[in-house]
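*Asks:* Fold the following and give me the result.
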Amino acid sequence: MILFNNLKQYKKILLLFLLILCLSSLLAPLLKILLDACLPSNHLLADLLNYEQGSYDFGRVMRRIITGVTILVVFLFRKTIKIGHLTTSGIIHTHEWQSRFQTGFLLGAGMFIFYTTFLYTNGTKVLDVDAKSMGDFFIQLIKILLAAGIIGCIEEVFFRGFIFQSFLEDMHAMPAMCFSSLFYAMLHFFKIKSLVLPGIQPFIGFLVIYQFFQNIAVHFISNLPSLGGLVLVGIVLSYACLRTKSLYFAVGLHTAWVFLIKTNKILFDHKGSKLTWLFGDSNVVTGVLGWGLLIVTLMLIKLATSHSDLKPHIAQTKK
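*Replies:* Predicted structure coming up:
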């Protein structure tokens, strides 16, 4: 434990990440036994895990296990990794928190609407409203807005409030932004469909973790546009955190992006284009246009925060 305490902050994070994967893999076969018994009679669980003819998606189960174990490990090691100090320093109340959140939200929404309008006028997207009625459409919008707010808050507190600031403890700003954003991007690819049948499988957890990493490695080239775009997204959000010395601007940006990405799925159908390198695929960060708008967003963040008088609440960068 003493050796762990003496490690640099980012090394502690990486070791705890490996511990989380290991503990999750050990718990997985026990939870699988429980699910095998519950699924045939539990329609809600069966629906959630695509239970058909005795098989179900354990990849989705594994992601939930990892989330739960992460919460437990972070709680147990909270003092050693200084999570309380790092996260609360970014969300301390200031008289400007509302304007920071609003500016971030409007900037994120404005850039995304510009991007979508360009794709629509180009014919890459076509209007195809997926709603039974106007009332159903507004109900979906309210649900999406609530989900976007929750996702924006939780992910920013964890990734920028904790992970990014942990890297800032021992690194200069630029490498801290790049490495924490790469970590943020890589976790988005921990999504695979792993069908399993009932029965005891003692190594199912390790197998699914292996499949997660295999998915990243085997499809690395095809995933590269999405990976690069997500790294840029992480850098933009980290830069917003640095410029304002708080998380509110980044939370506003993140909330707007999630809200409009999900709303787009209701409003538009992505037809695609021959210029995939420019417009990307159905994901918004896979083409040069999306990357360019993220870089423009970086510049606008600098302009919008150039006269910031907020006190430096978040971790200080090395000079």
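
*Asks:* The residue nearest to residue 192 when sequence neighbours are not counted and residue 43: what is the separation?
*Replies:* When the adjacent residues along the chain are set aside, residue 192 lies closest to residue 59, with 4.6 Å between them (CB to CB, 6 or more residues apart in numbering). No exception for glycine: its C-beta is placed from N, CA and C like everyone else's. When distance is defined by CB to CB, to the nearest Å, residue 59 is 21 Å away from residue 43.

*Asks:* tell me the mean pLDDT for the longest helix anywhere in the chain?
*Replies:* Ranked by residue count and defined by DSSP state H, the top helix of the chain is helix 9-38. Helix 9-38 comes out with an average pLDDT of 93.

*Asks:* ok so, going back, retrieve the pLDDT associated with the residue nearest to residue 192.
*Replies:* The model's pLDDT for residue 59 equals 92.

*Asks:* Any idea how many residues pack against residue 126?
*Replies:* 11 (other CB atoms under 10 Å).

*Asks:* and it, what does it touch?
*Replies:* By CB atoms under 8 Å, 6 or more residues apart in numbering, the contact set of residue 126 is 120, 268, 269, 271.

*Asks:* Same check on residue 252?
*Replies:* 100, 101, 102, 103, 104, 105, 106, 107, 108, 152.

*Asks:* can we see that at 6 Å?
*Replies:* 101, 104, 105 (CB atoms under 6 Å, 6 or more residues apart in numbering).

*Asks:* Could you list which of those belong to helices?
*Replies:* Counting by DSSP H, the contacts of residue 252 contribute 101, 104, 105 to helices.

*Asks:* Who wins on neighbours among these?
*Replies:* Compared across the ones in helices among the contacts of residue 252, residue 104 has the highest neighbour count, 29 neighbours, by other CB under 10 Å.

*Asks:* So which residues of the stretch 151-300 of the chain form helices?
*Replies:* Secondary structure of the stretch 151-300 of the chain (DSSP state H, counting those that start in this stretch): helices at 165-168, 173-187, 204-218, 220-244, 248-267, 276-279, 288-304.

*Asks:* relative to helix 220-244, how tilted is the third one?
*Replies:* Using axes from the mean of the first three to the mean of the last three CA atoms, to 10 degrees, the direction of helix 204-218 lies 90 degrees away from that of helix 220-244.

*Asks:* Mind giving me the packing neighbours of helix 204-218?
*Replies:* helix 9-38 (3 or more CB pairs under 6 Å, 6 or more residues apart in numbering; DSSP states H and E).
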